[in-house]
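Colleague: Fold the following for me, if possible:
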Amino acid sequence: MHKPTPFLWLDGNVGPAAKFYCSIFKKSRILQQNGLARNLQSATLRLNGQDLILFNGGPHYKLTPAFSLMVQCKTQKEIDYYWKKLTAGGEESRCGWLVDKFGLSWQIIPEILFEVLSDEDEEKSGRAMQAMLKLRKLDIAALRRAHAGK
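Modeller: Take a look at the predicted model:
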């Protein structure tokens, strides 16, 4: 089976990015590196089972929020952990989105988000949506309260 692998164009910071991402995800490792140690051309990572290729393509293209990696979290503690680590040197956005210090966009999302937003009761799902739109880092308790109408 052919599995799609994200291939990310970076500008000269493949080595630091590879180390940064592997330091955040517990089950991760660098599978392969190409180029000189001071200036890697590419690195293939495995982050919690997901392969990712980082490529030093230079300044011609920039990463945008049009592409993001989503991390689904079971607990608020997990959300808080990934949010803190990935926003270090980066920038918070809205609705669980952030941009890390290398320009890669991430979505740090609680698993229950899809449940509360897809509720057939439009009032409940609408309240959850409005709560989400007001948040930067998503808060499971706040989403559940809004969904429940509390």
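
Colleague: Just list the residues touching residue 104, thanks.
Modeller: Residue 104 sits next to 8, 17, 63, 68-69 when contact means C-beta atoms under 8 Å, 6 or more residues apart in numbering. For the C-beta atoms, the positions are set from N, CA and C on the backbone; glycine is no exception.

Colleague: do residue 141 as well
Modeller: Residues near residue 141 by C-beta under 8 Å, 6+ apart: residue 76.

Colleague: that's a strand at it, yeah?
Modeller: No: using DSSP: H, G, I helix; E, B strand; the rest coil, the secondary structure at residue 141 is helix, not a strand.

Colleague: low pLDDT regions in this protein?
Modeller: For the chain, the stretches flagged by pLDDT under 70 are 1.

Colleague: ranges for the helices of it?
Modeller: Under the criterion DSSP state H, helices of the chain are mapped to 14-24, 76-87, 112-117, 122-134, 140-148.

Colleague: deepest of those helices, which one?
Modeller: When you average the neighbours per residue for each of those (mean count of other C-beta atoms under 10 Å), helix 14-24 leads with a mean of 18.

Colleague: Distance from the chain centre to it, please.
Modeller: With C-alpha atoms, centre = their mean, to the nearest Å as the basis, helix 14-24 stands 14 Å off its chain's centre.

Colleague: contact partners of that helix?
Modeller: 10, 28-30, 33, 35, 37-43, 45, 47, 52, 54-56, 82, 85-86, 100-102, 104.

Colleague: Over to stretch 40-47?
Modeller: Outside stretch 40-47, the residues touching it (C-beta under 8 Å, 6+ apart) are 14-15, 17-18, 21-22, 25, 27-35, 51-56.

Colleague: can you do 10 Å?
Modeller: Around stretch 40-47, the neighbours that count as contacts under C-beta atoms under 10 Å, 6 or more residues apart in numbering are 5-8, 10, 12-19, 21-22, 24-35, 51-57, 69, 71.

Colleague: From those, list the buried ones, please.
Modeller: 8, 10, 13-15, 17-18, 21-22, 24-25, 28, 30, 33, 52-57, 69, 71 (16 or more other C-beta atoms under 10 Å).

Colleague: Mind checking which of the contacts of helix 14-24 land in strands?
Modeller: When the contacts of helix 14-24 are checked against strands (DSSP state E), the matches are 10, 28-30, 33, 35, 39-43, 45, 47, 52, 54-56.
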